[in-house]
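1. Here is my input; please provide its structure:
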Amino acid sequence: MKNKWPISTSFRIFQQFIAIFAILLLPVAWVSWFYSEIIWPYILVMSFLLICFPALIIRFTYPRSELTMRQGFALLVMIWFGLGFLSGLPLWFFGHITWTDAVFSGVSGLTTTGAEVFADLTSLPISLLFYRMWLQFIGGLGVVILALALLPLLGVAHTHHLRADL
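-> As a prediction, this is how the structure comes out:
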């Protein structure tokens, strides 16, 4: 059966990565709770990601199929741009950080470039500093390399995504 939407396989896999990213926010929420800081930005983002994106999985559920070269490119773009934008949400919800700075800091963390938008890091809450460090850690593991290691567990048969990244 041919998929009605040509990138449905990559969209399904991307949604699974969004759920993994939401679960990776749990340690950050715990640090925020431990230091009696504002916890709602992390809980809000986790809830949004775990409720909205699985709802889309139901909407775009198709039979599992092989990942084509075209879908591999689509998956790569979705992971880099999607996770970059979504990683800026907790930073933005703190209120005193602009959307542009939040997304820049999130993408900077996931790509481990080390670029900084904050003039004074000592003014940030400990949980936000931990979140920045956590993004650097996840980026250091290599989001795409980690994705390549997890794709066989998600039911992807071919490795066209590897050729898309190289």
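
2. Could you check how many residues crowd around Phe85?
-> By the measure other CB atoms under 10 Å, the count of residues near Phe85 is 15. Every C-beta, even on glycine, is put in place using the N, C-alpha and C of the backbone.

3. isn't it right up against Val103?
-> Yes - Phe85 is in contact with Val103 according to CB atoms under 8 Å; the separation is 5.8 Å.

4. list the buried ones in the helix or strand hosting Ser127?
-> Following DSSP states H and E, one finds Ser127 within helix 126-141. Of the residues in helix 126-141, 127-128, 130-132, 134-136, 138-139 count as buried by neighbour count, 16 or more other CB atoms under 10 Å.

5. residues in contact with that helix?
-> Residues from elsewhere that reach helix 126-141 (CB atoms under 8 Å, 6 or more residues apart in numbering): 24, 27-29, 31-32, 35, 37-39, 42, 87, 90-91, 94, 105-106, 109-112, 114, 121, 124, 146.

6. Using the three-state scheme, assign Phe11.
-> helix (DSSP: H, G, I helix; E, B strand; the rest coil).

7. separation between it and Leu86?
-> Distance of Phe11 to Leu86, computed by CB to CB, to the nearest Å: 15 Å.

8. and Ile126, how far is that from Phe34?
-> Applying CB to CB to Ile126 and Phe34 gives a distance of 9 Å.

9. do the same with Pro125
-> Distance from Pro125 to Phe34, counting by CB to CB: 12 Å.

10. how about Ala22, what does it touch?
-> Taking CB under 8 Å, 6+ apart, we find Ala22 in contact with 45-46, 49-50, 53.

11. if you look at the contacts of helix 126-141, which of them are in helices?
-> Among the contacts of helix 126-141, DSSP state H puts 27-29, 31-32, 42, 87, 90-91, 105-106, 109-110, 146 in helices.

12. any idea which element the residue positioned nearest the centre of the chain lies in?
-> In the chain, the C-alpha nearest the mean C-alpha coordinate belongs to Leu83, at 3.2 Å (CA atoms, centre = their mean). In the assignment (DSSP H and E), Leu83 maps to helix 83-87.

13. quick one: average pLDDT of that helix?
-> Helix 83-87 shows a mean pLDDT of 88.

14. elements contacting that helix?
-> Helices and strands touching helix 83-87, as assessed by 3 or more CB pairs under 8 Å, 6 or more residues apart in numbering; DSSP states H and E, comprise helix 8-23, helix 99-110.
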